[in-house]
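K.L.:
Build me a model from this:
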Amino acid sequence: MNPAKPLSPTIAVVIPCFRVRETILGVLEGIGPVCQAIYVVDDACPENTGDLVESECRDPRVQVVRNPVNQGVGGATIAGYLAALEDGAEILVKLDGDGQMDPALIPRLVSLIEQGEADYVKGNRFFELDGLQSMPTVRLIGNSLLSFINKISTGYWNLFDPNNGFTALHAGVARQLPFDKLSKRFFFESDMLFRLGTLRAVVTDVPMPARYADESSNLRVRSVVFEFAGKHLSNVVKRLFYNYYLRDFSIASVEIVLGVASLTWGTWFGMTRWLAGISQNIPATSGTVMVAALPVLLGVQLILAFLNFDIHNVPRDVLHKRLLPPHPKT
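P.N.:
Numbering: from 1, shown residues only. Modelled structure (predicted):
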């Protein structure tokens with residue numbers, strides 16, 4: 001294998017590697033000539049995947065990037081992104097090394113960016129219904145729930161399968177991302193969508209088949225469920241502040257504040273009057289019921305109006321067309 005760096009790759013593939021020794025060489029063999037550079041990121045892999053690639057792979061496009069300490073899928077991907085950007089890549093493709101993603105689909109992902117239709121393209125395993133029979137039931141239900149939560153926390157109501165790691169990203173948009181703030185582990189894909197949403201980047205799905213063999217996932221649901229919930233809640237608050245108060249102010253900015261305040265006050269008033277009536281054995285008057293019900297109804301209507309605005313506020317103007325080209329190296 002030639003260790004020399006590519007001069008100026010246009011499309012670069014980044015493959016984070018951790019416990020994928022048995023599948024990585026097959027994945028590399030499947031990457032077609034559309035890609036000019038391949039970065040295999042050994043994330044302190046206990047199976048020494050990087051050594052295997054260096055000794056067995058003869059593809060001159062391949063080079064190994066090593067993380068001295070395990071950083072997780074996000075940290076490994078970022079290390080590959082930075083190496084590809086340093087070498088001048090224009091489109092960054094992220095592909096897992098476990099064989100679940102078909103490298104033959106890479107042209108489908110990058111074509112939408114090359115044609116100026118998107119800034120970030122990701123796979124969607126839920127589009128082709130026949131292929132879902134191979135997906136484990138637990139993953140099927142979990143991904144559906146996570147997809148809905150991600151819609152709220154990222155603002156991309158048009159997307160599904162948010163944890164799909166088969167992605168393509170325009171380099172100009174990548175340079176706008178705060179890599180130091182991105183989650184380094186399993187929350188990486190969701191955090192990427194949140195950060196892209198704050199940039200108003202256009203993100204779209206590409207159908208892909210669900211491929212599962214006998215591989216085991218490194219993700220343990222019970223250990224991350226509360227972490228994910230906290231991070232999604234934090235991203236919801238930050239997204240609303242960034243998009244509706246810091247960078248813009250619209251009728252939706254008013255609707256969400258008045259809606260939450262009205263719903264909260266009506267609920268609080270109704271509950272306190274109801275509990276007081278129970279303790280004193282005095283039924284609430286019709287006036288009391290109306291005073292509690294009207295704010296609740298108004299709050300629900302305002303929140304629904306905000307959601308309708310937010311759903312139609314998905315970014316549609318491709319960001320990388322409006323960015324200045326990077327400064328040439330001196």
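K.L.:
which ones are touching Gln176?
P.N.:
By CB atoms under 8 Å, 6 or more residues apart in numbering, Gln176 lies in contact with 199, 319, 323. Using the backbone N, CA and C atoms, a C-beta is placed for each residue, glycine as well.
K.L.:
Over to Arg239?
P.N.:
For Arg239, counting by CB under 8 Å, 6+ apart, the contacting residues are 153-155, 194, 197-198.
K.L.:
Quick check: it vs Asp161, distance?
P.N.:
Distance, Arg239 to Asp161, by CB to CB, to the nearest Å: 20 Å.
K.L.:
re earlier: among the contacts of Gln176, which lie within helices?
P.N.:
Secondary structure assignment by DSSP state H places Leu199 of the contacts of Gln176 in helices.
K.L.:
all strands for the stretch 101-250 of the chain, in order.
P.N.:
With DSSP state E, counting those that start in this stretch as the criterion, the stretch 101-250 of the chain has strands at 120-124, 167-170, 203-207.
K.L.:
now those strands in TSV, with mean neighbour count and mean pLDDT?
P.N.:
As requested, the strands of the stretch 101-250 of the chain are exported to TSV (neighbours: other CB atoms under 10 Å; pLDDT from 0 to 100):
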stretch	mean neighbour count	mean pLDDT
strand 120-124	24	96
strand 167-170	26	98
strand 203-207	19	95
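K.L.:
who touches the residue nearest to Asp205 when sequence neighbours are not counted in this structure?
P.N.:
Nearest residue to Asp205, sequence neighbours excluded (CB to CB, 6 or more residues apart in numbering): Asn124, at 3.9 Å. Applying CB under 8 Å, 6+ apart to Asn124 gives the contacts 159-161, 164, 205-208.
K.L.:
List the beta-bridge partners for Asn124.
P.N.:
For Asn124, the beta-bridge partners under DSSP bridges are Pro207.
K.L.:
The closest residue to Phe160 other than its chain neighbours: neighbouring residues, count only.
P.N.:
Distances taken as CB to CB, 6+ apart place Ser147 nearest to Phe160, at 4.9 Å, with adjacent residues excluded. Ser147 has 17 neighbouring residues, counting by other CB atoms under 10 Å.
K.L.:
Can you pull out the low-pLDDT segments for this structure?
P.N.:
1-9, 130-135, 211-224, 327-330 (pLDDT under 70).
K.L.:
so what are the domain limits for it?
P.N.:
Domain ranges of the chain: 11-224, 249-311, per automatic domain parsing.
K.L.:
contacting residues around Glu227?
P.N.:
Applying CB under 8 Å, 6+ apart, the residues near Glu227 are Phe187.
K.L.:
Make a markdown table out of the domains of the chain and add distance to His232.
P.N.:
Formatted as a markdown table, the domains of the chain follow (distance: least, CB to CB, whole Å):
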| stretch | distance to His232 |
| --- | --- |
| domain 11-224 | 4 |
| domain 249-311 | 16 |
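K.L.:
Mean neighbour count, the ones you listed: which tops it?
P.N.:
Among the domains of the chain, domain 11-224 has the highest mean neighbour count (mean count of other CB atoms under 10 Å), at a mean of 19.
K.L.:
that older thread, how much space separates the residue nearest to Phe160 from Gly72?
P.N.:
For Ser147, the distance to Gly72 - CB to CB - is 22 Å.
K.L.:
ok, for Asn70, nearest residue in space, not its chain neighbours?
P.N.:
Asn70 sits nearest to Ala44 (CB to CB, 6+ apart), 4.0 Å away.
K.L.:
now do Asp191
P.N.:
Ser183 (4.1 Å).
K.L.:
Identify the residues contacting the one you found.
P.N.:
Ser183 makes contacts with 74, 190-191, 231, as judged by CB under 8 Å, 6+ apart.
K.L.:
before we move on, what about Phe226?
P.N.:
Counting by CB under 8 Å, 6+ apart, Phe226 has no contacts.
K.L.:
Please apply the same query to Thr267.
P.N.:
Contacts of Thr267 (CB under 8 Å, 6+ apart): 292, 296.
K.L.:
So it belongs to a helix, correct?
P.N.:
Yes: counting by DSSP: H, G, I helix; E, B strand; the rest coil, Thr267 is found in a helix.
K.L.:
what's the spacing between it and Asp42?
P.N.:
Distance, Thr267 to Asp42, by CB to CB: 53 Å.
K.L.:
Centre of the chain to stretch 47-57, how far?
P.N.:
Chain-centre distance of stretch 47-57: 29 Å, with CA atoms, centre = their mean, to the nearest Å.
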